[in-house]
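Student: okay, sequence plus prediction incoming.
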Amino acid sequence: MTNLFKIAALCSLLAISSFASSFKLQGIIASADHTNKTITVDSIYGDSVVVKILPNTEIEMNDCGIFGIDKYGTFKDLTPGTFVEIKLYFQNNTGTNPIAHEVEIECYKNKAY
């Protein structure tokens, strides 16, 4: 299976299960491409997904500010090793990378290791 087919199948399953207009992806950032403004996420579903970050993508950082307050981040806050939850969509089924509508980072989430 090609990666695009895997991503499309994964998102189809997510759409059926969530009945939402956007899809949700969870995983760990494996790499960030500052030139193309994309991140590669090793998803909890077993695949790596390249996600496009646009200038209007909201990057929410929960419990990341002083005294654990929430704050908004920028692309530079999307660092490898960070667990993210991303609301994403596809643009006109063109076969391009999914686009992030919102990225949520939880700074002080308890981790197993």
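Tutor: Sure thing, it's come through. Residues are numbered from 1 along each chain as shown.
Student: point to the residue nearest the middle of this structure.
Tutor: I86 (3.4 Å; Cα atoms, centre = their mean).
Student: what sits against that residue?
Tutor: I86 makes contact with 24-26, 41, 51, 100, 102-104 under the criterion Cβ atoms under 8 Å, 6 or more residues apart in numbering. In short, each C-beta sits where N, CA and C put it, glycine included.
Student: what's the answer for E104, then?
Tutor: 60, 62, 84-86.
Student: switch to 10 Å and redo it
Tutor: Counting by Cβ atoms under 10 Å, 6 or more residues apart in numbering, E104 makes contact with 24, 26, 58-62, 70, 73, 83-87.
Student: scan these and report the most crowded one.
Tutor: I86 (27 neighbours; other Cβ atoms under 10 Å).
Student: restricting to C-alpha, output whatever helix or strand that one lives in in PDB.
Tutor: Assigned by DSSP states H and E, I86 belongs to strand 83-89. C-alpha atoms of strand 83-89 as PDB (Å, rounded to 0.1, in the frame of the first residue of the first chain):
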ATOM      1  CA  PHE A  83       3.300  14.400  21.900                       C
ATOM      2  CA  VAL A  84       0.700  16.200  19.800                       C
ATOM      3  CA  GLU A  85      -3.000  16.000  19.000                       C
ATOM      4  CA  ILE A  86      -3.800  17.500  15.600                       C
ATOM      5  CA  LYS A  87      -7.100  18.400  14.000                       C
ATOM      6  CA  LEU A  88      -6.400  18.100  10.300                       C
ATOM      7  CA  TYR A  89      -8.100  18.200   6.900                       C
END
